[in-house]
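Student: Got a sequence here, can you build the structure:
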Amino acid sequence: MGFNPELCRNESEVESKLIVQYLLPQLGYSPDTWHQEVAFGTIRLDFLVFATKAIPFVLDTNAPMSVVIEAKHPNQNLNRHTRRLRRYLTSLNVRYGLLTNGKEIKIFKRVNDDVHLIFQCKGNQVEDKIDEIKALIGRDSLTSTETSASVPTINQPTSLNIQPILHLNPEPQRQQSMKTIAVYHNKGGVGKTTTVINLAAAIRKKGKRVLVIDLDSQANTTFAAGLAKFADEELDDIKDSNVRHVLQSEDFYPIQEVARKSQFNSPEIDIIPAHISLMQYETELNQQDSSKLMLLQKLKTVEPPYDVVIIDTPPSLNLYARIALITSDYLIIPSDLKPFANQGLLNVKEFVKRQNEFKKMINKEPIEILGVLPCKISTNARFVQHTLPKRREVIPRRYGLNIMDNVIYEREELAKCTEQVLIVGDMEIPDPRSVLDFKPDSTSAQEFEMLAIEVLKKIGIQP
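Tutor: Below is the predicted model of the structure:
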């Protein structure tokens with residue numbers, strides 16, 4: 001298979017089309033000798049390649065690491081990333097590094113505490129130059145020196161404090177204690193925010209520790225959780241610390257710092273708020289190295305405090321929806337089961353399929369669809385008795401998706417609970433409540449309690 005740099009329109013395609021599909025096989029590396037998205041503390045590598053077989057293998061400081069490969073967006077200047085690659089090679093004692101944006105390929109060799117450029121070519125020259133690249137970093141070229149050389153050690157390990165975050169033989173995602181659920185449909189108005197807020201509340205009342213992440217620039221979950229209590233944009237205290245900052249910065253804005261306690265439910269729930277500025281930063285984040293994996297990596301650092309993470313998503317096929325599906329273990333698809341929402345299920349299935357292909361490349365299990373959740377359903381007796389069963393039956397038959405056992409009906413208390421306000425002097429301050437706090441004995445509260453039980457059982461947590 002050849003390589004055409006014109007087919008690489010973004011960083012993800014540089015990774016998949018140049019590195020995974022062309023370079024690694026041409027250089028003699030089989031899937032058991034390289035790994036994607038490997039992290040040592042604050043150092044996160046796009047690809048880590050071994051001259052010797054790396055599975056079964058646990059990543060540690062004695063691992064015989066041979067080549068670091070870093071992929072960049074085609075529009076990025078590789079010279080801007082040389083210093084960071086030098087830090088990777090010298091800190092981890094790796095001999096070679098390859099830097100590429102698809103249009104250009106550069107190979108560096110570590111010499112003591114510096115790196116030297118030893119090869120470069122244009123992306124459209126890579127097929128003509130592949131023998132030269134093999135001679136430098138091909139598996140056959142490195143195997144003899146790898147086996148004869150002593151196992152490398154890390155320079156100054158006490159000050160570096162390198163600890164592996166990702167094992168090269170990771171346990172399946174399902175065995176991890178923290179479960180992450182995305183609530184997603186690419187059609188708006190189907191009850192995503194209602195589901196996120198009240199499902200989180202119901203799970204929290206079961207004694208589970210819950211984190212809610214709002215990834216929608218409309219910030220409906222942020223408002224419904226009572227975090228936007230300002231009446232004037234000049235008093236906006238969310239704009240300087242929200243989910244955008246989590247995605248944008250590798251070294252700053254950890255989950256613990258950005259998450260806020262919300263009193264919309266008792267017990268309180270931690271929320272990472274969204275902000276309308278997400279819209280204007282999407283293009284920038286798309287070009288930023290591995291922004292799609294930033295949330296996944298940062299959640300690894302807070303796994304002990306939380307049992308369940310629930311992510312609200314935008315009703316689109318954009319970067320933020322993609323980040324949510326890449327990060328999550330499970331998916332709930334809320335739907336009013338009307339024709340347009342049903343037709344959108346085809347888009348959802350295709351979108352999930354594409355993200356699962358990417359997750360396979362990074363050794364993360366595919367997202368498991370818990371089912372389509374009937375939401376915002378009319379309580380009309382005739383509709384419930386005759387029409388709803390037919391609409392439920394259509395989902396598995398026509399779209400091949402499971403439908404969840406529970407139904408969330410459109411009731412007055414669900415609308416009113418998010419409209420609650422506090423009167424302070426002559427001001428009205430938003431004071432939304434979960435339906436389980438607003439009317440704990442209501443039918444809606446019972447529906448979400450039953451939904452929480454169903455969800456917890458399906459993700460392997462005892463209700």
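Student: Quick check: longest helix in the protein by residues?
Tutor: Longest helix of the chain, by residue count under DSSP state H: helix 339-361.
Student: what's in contact with that one?
Tutor: 12, 15-16, 20, 36, 184-187, 190, 317, 321-322, 325-326, 331, 333, 335, 365-367, 369, 372, 394-395, 398-401 (Cβ atoms under 8 Å, 6 or more residues apart in numbering). Every C-beta, even on glycine, is put in place using the N, C-alpha and C of the backbone.
Student: quick one: average confidence on the next helix or strand after that helix?
Tutor: Using DSSP states H and E, the next helix or strand after helix 339-361 towards the C-terminus is strand 368-377. Averaging pLDDT along strand 368-377 gives 97.
Student: got the angle for strand 368-377 vs helix 339-361?
Tutor: Following axes from the mean of the first three to the mean of the last three Cα atoms, to 10 degrees, one obtains 160 degrees for the angle between strand 368-377 and helix 339-361.
Student: which secondary structure elements does strand 368-377 contact?
Tutor: Counting contacts by 3 or more Cβ pairs under 8 Å, 6 or more residues apart in numbering; DSSP states H and E, strand 368-377 packs against helix 192-204, strand 330-335, helix 388-399, strand 408-409, helix 443-458.
Student: Next, the angle from the third one to strand 330-335.
Tutor: Helix 388-399 runs at 130 degrees relative to strand 330-335, counting by the same axes, to 10 degrees.
Student: before we move on, back to that, save the helices and strands packed on strand 368-377 as TSV, and put in mean neighbour count and distance to residue 311 too.
Tutor: Formatted as TSV, those follow (neighbours: other Cβ atoms under 10 Å; distance: least, Cβ to Cβ, whole Å):
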stretch	mean neighbour count	distance to residue 311
helix 192-204	27	8
strand 330-335	26	10
helix 388-399	14	22
strand 408-409	21	18
helix 443-458	19	14
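Student: wait, which of these is closest to residue 279?
Tutor: helix 192-204 (17.4 Å; Cβ to Cβ).
Student: Could you point out the helix or strand that follows the closest one?
Tutor: strand 210-214.
Student: Tell me which residues are up against that following strand.
Tutor: By Cβ under 8 Å, 6+ apart, the list of residues contacting strand 210-214 from outside reads 196-197, 200, 203-204, 220-222, 225, 243, 255, 259, 262, 269-274, 295, 302, 305-312.
Student: and that strand, what's its mean pLDDT?
Tutor: 97.
Student: Kindly report the same for stretch 334-342.
Tutor: Rounded mean pLDDT across stretch 334-342 is 95.
Student: Run through the helices of the stretch 151-300 of the chain in chain order.
Tutor: For the stretch 151-300 of the chain, applying DSSP state H, counting those that start in this stretch gives helices covering 157-160, 192-204, 220-224, 243-248, 255-258, 278-287, 294-299.
Student: circling back: show the buried residues in the contacts of helix 339-361.
Tutor: Taking 16 or more other Cβ atoms under 10 Å as the criterion, what is buried in the contacts of helix 339-361 is 12, 15-16, 20, 36, 184-187, 190, 321-322, 325-326, 331, 333, 335, 366-367, 369, 372, 395, 399, 401.
Student: got the CA positions of the longest helix of the chain in CSV?
Tutor: Provided in CSV are the C-alpha atoms of helix 339-361 (Å, rounded to 0.1, in the frame of the first residue of the first chain):
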residue,chain,number,x,y,z
PRO,A,339,-39.3,10.1,12.6
PHE,A,340,-36.5,12.7,12.5
ALA,A,341,-34.9,11.4,15.7
ASN,A,342,-35.2,7.8,14.3
GLN,A,343,-33.5,8.8,11.0
GLY,A,344,-30.7,10.4,13.1
LEU,A,345,-30.0,7.0,14.6
LEU,A,346,-28.3,6.0,11.3
ASN,A,347,-25.9,9.0,11.8
VAL,A,348,-25.3,8.0,15.4
LYS,A,349,-24.4,4.4,14.5
GLU,A,350,-22.0,5.5,11.8
PHE,A,351,-20.4,8.1,14.1
VAL,A,352,-20.0,5.5,16.9
LYS,A,353,-18.4,3.1,14.4
ARG,A,354,-15.8,5.6,13.3
GLN,A,355,-14.9,6.4,16.9
ASN,A,356,-14.7,2.7,17.8
GLU,A,357,-12.2,2.3,14.9
PHE,A,358,-10.0,5.0,16.5
LYS,A,359,-10.4,3.5,20.0
LYS,A,360,-9.2,0.1,18.7
MET,A,361,-6.0,1.8,17.5
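Student: got the buried residues for it?
Tutor: Judged by neighbour count (16+ other Cβ under 10 Å), helix 339-361 contains these buried residues: 341-342, 344-345, 348, 351-352, 355-356, 358-359, 361.
Student: chain center to it: distance?
Tutor: Its chain's average C-alpha position is 15 Å from that of helix 339-361, according to Cα atoms, centre = their mean, to the nearest Å.
Student: try stretch 352-365
Tutor: With Cα atoms, centre = their mean, you get 11 Å for stretch 352-365.
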